[in-house]
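J.: What shape does this take:
(3 chains)
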Amino acid sequence: MAYWLFKSEPSAFSFADLEAGPTEWSGVRNYQARNYMMAMQTWDLGYFYHSRTEPIGIVGIVMIVRSAYPDYTALDPTSQYHDPRATPQKPIWQMVDIAFKMAFSQVVTLGRLRVTPGLEGMALLQKGSRLSVQPVTSGEWEIIHRLATALP
DNA sequence: GCCAACGTTGGC
DNA sequence: GCCAACGTTGGC
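T.: Take a look at the predicted model:
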């Protein structure tokens, strides 16, 4: 069992959009993020993070409902995620399916994460961190989960 | 909207 | 293989 974090700009895809049903997490075009997705297993949990919005922060929990498989949008010339290097034999990019699990009663904001002891090493909080898919340690998961459930 | 930080591309 | 130029990300 591993823990993850998915970043999204709500103007592009929000947690409310995810509530509508399981979603193919397509369009990830970063090798490190792809490798993390390839390490995901069905039933793994993740935090869902809203960037470039107000408030910025973690809004809830998602579950991996399908482990990594080829991201077919890379093969689709009409897709904004098309990658001309991708072929059916070598799709290059992978995606997972994620589903809504629960929404926090309040956003655990980036500011709150930054001041919470024990989260100093969290990938999300490192300077210049841009990975849209990241691992979360079980210790970090616990701390954040406690923060979220302590909120009214 | 700005712009620093980052990853990728491509000429050499 | 180097690295400048470029496009993108994301906090502010």
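J.: which helices and strands does the helix or strand containing A:Phe100 pack with?
T.: For A:Phe100, the host element (DSSP states H and E) is strand A:94-109. Strand A:94-109 is packed against helix A:15-19, strand A:23-24, helix A:31-39, strand A:45-50, strand A:57-70, helix A:138-150, with contacts defined by 3 or more C-beta pairs under 8 Å, 6 or more residues apart in numbering; DSSP states H and E. Where you see a C-beta, it was placed from the backbone N, CA and C, and this is true even at glycine.
J.: touching DNA strand C at all, the third one?
T.: No - contact of helix A:31-39 with DNA strand C (C-beta under 7 Å from any atom of the strand) is absent, the minimum separation being 9.1 Å.
J.: Show me what that helix is packed up against.
T.: Secondary elements touching helix A:31-39 (3+ C-beta pairs under 8 Å, 6+ apart): strand A:94-109, strand A:133-136.
J.: what residues are up against A:Ser138?
T.: By C-beta atoms under 8 Å, 6 or more residues apart in numbering, the contact set of A:Ser138 is A:Tyr3.
J.: Closest residue of chain A to DNA strand B?
T.: In chain A, the residue that lies nearest DNA strand B is A:Gly128 (2.1 Å; C-beta to the nearest atom of the strand).
J.: Using the three-state scheme, assign that residue.
T.: Under DSSP: H, G, I helix; E, B strand; the rest coil, A:Gly128 falls in the coil class.
J.: Just the pLDDT at it, thanks.
T.: For A:Gly128, the model assigns a pLDDT of 90.
J.: My read is that A:Leu45 contacts A:Tyr3, right?
T.: Yes - A:Leu45 is within contact range of A:Tyr3, at 5.8 Å (criterion: C-beta atoms under 8 Å).
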